[in-house]
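>>> Here is a sequence together with a model predicted from it:
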Amino acid sequence: MMVNLQLLTEDLQDEHAEPSDTRRRALVRIGVVRREAERLQTLFDEFLSLAGPCRLRRTSVDLRDVVNRLISFLDPTLKAAGITAEPIGPEYSLICPVDEQLLDQALLNIVLNASDAMPGGGALSIEVRREAPWAVISVRDTGTGIAPEDRARIFEPFFSTKPKGTGLGLSVTERVIHEHGGNLTFETAVGKGTTFTIRFPLDPTLSNGDRVS
């Protein structure tokens, strides 16, 4: 970023350059700097999420609604990448006391990783189910899978197999799940895909498993 700022300064200080050329180069430099600044802001925000205090704002949420909303939001992007997305859930409500905003971010991180693992397209499913005493969300993809040598490190902060990855997405996601008293696990096979499974403790005071219309 500092290199582009220096070049931008030189362009603006060049008294012999044509104004149109200076403006064009300046706009290109500004675009590069803006994208780099956005990347750094994302990195900073994710680092704060990992290192700072995590204050949960729990509400009683139907996990099916969270999944359906996420798939609806991402559907155009996934379709453009050749990925079909399917929600799988029970016919009854599955209520869990969670911080909905943090859960949205955690699921988004997992789904974006799944999408990156299917560069040629594929299938994605997000299943919600009850396995007492847990509420369970499983995200399955048909992607490349996780290499054996990387499996022990995928939740480590700053570890990434992506050229421009921050290595914080799954670390933040795991912390969010743990703060809820839950756990995050995965199963993977190279060339076949990966399944990430989130388990949240059910609230025994809430009614779950009752069919709703």
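Nice, thanks for sending it over.
>>> what helices or strands is the helix or strand residue 108 falls within leaning on?
Following DSSP states H and E, one finds residue 108 within helix 100-116. For helix 100-116, the elements it packs on are strand 59-62, helix 63-80, strand 122-131, strand 134-141, helix 169-179, strand 193-201, judged by 3 or more Cβ pairs under 8 Å, 6 or more residues apart in numbering; DSSP states H and E. C-beta here means a position set from N, CA and C on the backbone, and glycine is covered the same way.
>>> run the last query once more with 7 Å
Helices and strands touching helix 100-116, by 3 or more Cβ pairs under 7 Å, 6 or more residues apart in numbering; DSSP states H and E, are helix 63-80, strand 134-141, helix 169-179.
>>> what packs against the second one?
Yep, that's strand 134-141 we're talking about. Packing partners of strand 134-141 (3+ Cβ pairs under 7 Å, 6+ apart): helix 63-80, helix 100-116, strand 122-131, strand 193-201.
>>> Can I get the ones you listed in CSV including mean neighbour count, distance to residue 187 and mean pLDDT?
Compiled in CSV, the helices and strands packed on strand 134-141 are given as follows (neighbours: other Cβ atoms under 10 Å; distance: least, Cβ to Cβ, whole Å; pLDDT from 0 to 100):
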stretch, mean neighbour count, distance to residue 187, mean pLDDT
helix 63-80, 16, 19, 92
helix 100-116, 20, 13, 90
strand 122-131, 18, 13, 96
strand 193-201, 20, 5, 96
